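A.B. asks: Mind folding the following:
(4 chains)
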Protein chains: 2
Amino acid sequence: MKLNQGVEWALHCCVNLAWASAGEPISSGRLAELYKLPPAYLNKQLQCLVRAGVLQSVSGPRGGFQLARRADRISVLDVVLAIEGRDLAFRCDGILANCPGGDAEQDYLRSCIIAQSMRQAELAWRTELARQTVAGIAQSLERRFPQARADSLAQLRASSDGRD
Amino acid sequence: MKLNQGVEWALHCCVNLAWASAGEPISSGRLAELYKLPPAYLNKQLQCLVRAGVLQSVSGPRGGFQLARRADRISVLDVVLAIEGRDLAFRCDGILANCPGGDAEQDYLRSCIIAQSMRQAELAWRTELARQTVAGIAQSLERRFPQARADSLAQLRASSDGRD
DNA sequence: GTTTCTCTACTCGGATATCTGATGTCCGAGTGCACGCGG
DNA sequence: CCGCGTGCACTCGGACATCAGATATCCGAGTAGAGAAAC
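C.D. replies: Take a look at the predicted model:
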């Protein structure tokens, strides 16, 4: 079980967008430059966030991405599910259906004790992620690294002004 | 994020081994036949459980697999980690290190707020899995499907006696 | 000077390669049992 | 009849294919803004 690399990128980008959300979109190119990431691939990940309704995209020059709603209404779970998909990690193929006493008609996701256990654990995971918001992360970051926000904004501004 | 298919197989097999653990090993072939699974691949998964110390293997005729310790001392987490590996699902590559204010020396798994959040959620997931034991699963199964244990044992016995 | 039109540069978005890891298969090493042979 | 040796069938264990999905890239559609031309 491994999460896509894009999850880490998406979360960091969302924090940055939360800081910069003065109504001015930020392009994927700028974000990629900030974190030294492959621009096209980062763009692809951000597209997932748009499809999931977490971000809004603006085309054309001065375009880019911005949060689709207030940062305190975007949970970490929203971002993770946008990248990873909404399916549960544990797939119950109902191998019990092939068992001697098995019944192909039954809904094994509900009846199978094992599937239930796995589901319960996954629910705990999602609950924990749902408790955290992008705004909360941003706030914690500012508290720990007071200059982080200013640094990021300065960097973004520099790269959009000085066309080095 | 998807768990390997082998996790489901391994858990069902462990429950069966808990039922049959009269000191008599069960071969991967019998288990595969029981669940209609590819024998060689199931064998591969069970090998992971052996390497992790969950199962013991016995070679030769009348050989097979058996639980390495009492079923109530084997948690679902043990089985999952045996198949999936012990690494955390969230890989923090420390992309902050490449950031303007970044510091390549820092341990971002600890300092990065995002990595911490993901870690906390994953801990909740593992905790939930650690609460469940193979014995508990087997007990729940017996309570819900009283004939399950007898059916499985009968099927295993039949396939080992009647060489059809 | 102002308005309008055009052109350009920049952005997202999806279609397209590549590569790692999951899935599935095969064969060799080792071992306990059965059978046969000798005492 | 009893003990021993040999052969065999069965098992695990790891090496070897195959395939799906993650990773990475490229090009086209659309657009805002700048600049030029006309009034």
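A.B. asks: use CA for all of it now, contacts and neighbours both
C.D. replies: Noted.
A.B. asks: Contact partners for A:Val54?
C.D. replies: By CA atoms under 8 Å, 6 or more residues apart in numbering or on different chains, the contact set of A:Val54 is A:67-69, A:74, A:78-79, A:82.
A.B. asks: Next one: A:Gln147, what pLDDT does it get?
C.D. replies: At A:Gln147, the model reports a pLDDT of 86.
A.B. asks: Check A:Ser160 too.
C.D. replies: For A:Ser160, the predicted pLDDT is 59.
A.B. asks: Up against DNA strand C, what does chain A have?
C.D. replies: A:1, A:26-29, A:40, A:43-44, A:46-47, A:50, A:57-65 (CA under 7 Å from any atom of the strand).
A.B. asks: repeat that for 6 Å
C.D. replies: Taking CA under 6 Å from any atom of the strand as the criterion, chain A approaches DNA strand C at residues A:27-29, A:40, A:44, A:47, A:50, A:57-65.
A.B. asks: Give me the subset of those residues that lies in strands.
C.D. replies: Of the positions in these, A:57-58, A:64-65 sit in strands, assigned by DSSP state E.
A.B. asks: ok, back up a step: looking at the residues of chain A next to DNA strand C, which has the most residues close by?
C.D. replies: Counting neighbours by other CA atoms under 10 Å in any protein chain shown, A:Phe65 leads these with 26 neighbours.
A.B. asks: and that one, how far is that from A:Gly94?
C.D. replies: 42 Å (CA to CA, to the nearest Å).
A.B. asks: Could you dump the ones in strands among the residues of chain A next to DNA strand C into a markdown table and include distance to A:Ala138?
C.D. replies: Shown next, in a markdown table, are these (distance: CA to CA, whole Å):
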| residue | distance to A:Ala138 |
| --- | --- |
| A:Ser57 | 21 |
| A:Val58 | 23 |
| A:Gly64 | 20 |
| A:Phe65 | 18 |
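A.B. asks: isn't A:Ser57 right next to A:Val50, touching?
C.D. replies: Yes: A:Ser57 is within contact range of A:Val50, at 6.8 Å (criterion: CA atoms under 8 Å).
A.B. asks: if we can go back for a sec, out of the residues of chain A next to DNA strand C, the closest to A:Ala20 would be?
C.D. replies: Using CA to CA, A:Phe65 comes nearest to A:Ala20 of the residues of chain A next to DNA strand C, at 10.5 Å.
A.B. asks: Mind checking what secondary structure A:Leu34 has?
C.D. replies: helix (DSSP: H, G, I helix; E, B strand; the rest coil).
A.B. asks: could you measure it against A:Trp9, distance?
C.D. replies: Relative to A:Trp9, and taking CA to CA, A:Leu34 is found at 11 Å.
A.B. asks: So for these two, which sits in the more crowded spot?
C.D. replies: Neighbour totals were compared for A:Leu34 and A:Trp9, and A:Trp9 leads with 22 against 19 (other CA under 10 Å).
A.B. asks: Contact partners for the more buried one?
C.D. replies: A:42, B:95.
A.B. asks: Now the element after the least confident helix or strand in chain A by mean pLDDT, going C-ward?
C.D. replies: Within chain A, confidence by mean pLDDT, DSSP states H and E is lowest for helix A:108-111 among all helices and strands, at a mean of 69. The helix or strand immediately downstream of helix A:108-111 is helix A:113-131, counting by DSSP states H and E.
A.B. asks: What is that following helix packed up against?
C.D. replies: helix A:76-84, helix A:108-111, helix B:5-20, helix B:113-131, helix B:134-144 (3 or more CA pairs under 8 Å, 6 or more residues apart in numbering or on different chains; DSSP states H and E).
A.B. asks: Check those helices for me and report the most buried one.
C.D. replies: Among these, helix A:76-84 has the highest mean neighbour count (mean count of other CA atoms under 10 Å in any protein chain shown), at a mean of 23.
A.B. asks: wait, does it make contact with DNA strand D?
C.D. replies: No: using CA under 6 Å from any atom of the strand, helix A:76-84 never reaches DNA strand D; the gap is at least 6.6 Å.
A.B. asks: Ok, stretch A:56-64 next?
C.D. replies: Yes: Stretch A:56-64 reaches DNA strand D (CA under 6 Å from any atom of the strand) through A:59-61.
A.B. asks: Dump these into JSON lines; add pLDDT as well.
C.D. replies: Output for the residues of stretch A:56-64 next to DNA strand D, formatted as JSON lines (pLDDT from 0 to 100):
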{"residue": "A:Ser59", "pLDDT": "91"}
{"residue": "A:Gly60", "pLDDT": "89"}
{"residue": "A:Pro61", "pLDDT": "89"}
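A.B. asks: what about chain A, any weak spots by pLDDT?
C.D. replies: For chain A, the stretches flagged by pLDDT under 70 are A:21, A:99-106, A:108-109, A:159-164.
A.B. asks: and with 90 instead?
C.D. replies: Along chain A, the model assigns pLDDT under 90 to residues A:1, A:20-24, A:60-62, A:92-112, A:144-164.
A.B. asks: So for it, which residue is the most central one in space?
C.D. replies: A:Val79 (2.3 Å; CA atoms, centre = their mean).
A.B. asks: give the contact list for A:Glu33.
C.D. replies: A:Glu33 makes contact with A:Pro39, according to CA under 8 Å, 6+ apart.
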